[in-house]
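S.K.: Sharing a model that was predicted from the sequence below.
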Amino acid sequence: MNAPENLQGRANALRLYGLLAHWSDVAAEQWVAPLLQWEEDERARRSLERRIRAARQSR
């Protein structure tokens, strides 16, 4: 799951354009995979919170 191509695709899906602009410098770094996972997890958490708030407001 942590193949460089897969990591780059995940960064692109997250629209982390600054990271992608320096991809050749950071692709092999060990912190890239955890960073992407943190960002994906946080975005999922915030999305769930927004959906819960929206559901409460529509009652």
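M.R.: All right, it came through fine.
S.K.: give me the low-pLDDT residue ranges for this structure?
M.R.: Scanning the chain for pLDDT under 70 picks out the ranges 1.
S.K.: Quick check on residue 18: phi, psi?
M.R.: For residue 18, the backbone dihedrals are phi -60, psi -40 (criterion: degrees, to the nearest 10).
S.K.: For it, grab the count of nearby residues.
M.R.: Residue 18 has 8 neighbours, counted by other Cβ atoms under 10 Å. Placement of C-beta: from N, CA and C, glycine included.
S.K.: can you tell me which residues contact it?
M.R.: Not one residue lies near residue 18 by Cβ atoms under 8 Å, 6 or more residues apart in numbering.
S.K.: and it, how far is that from residue 35?
M.R.: According to Cβ to Cβ, to the nearest Å, residue 18 and residue 35 sit 12 Å apart.
S.K.: which of the residues in the helix or strand that contains residue 54 are buried?
M.R.: Element membership of residue 54, judged by DSSP states H and E, is helix 32-57. For helix 32-57, the buried set under the neighbour-count rule, 16 or more other Cβ atoms under 10 Å, comprises 32, 35, 36, 39.
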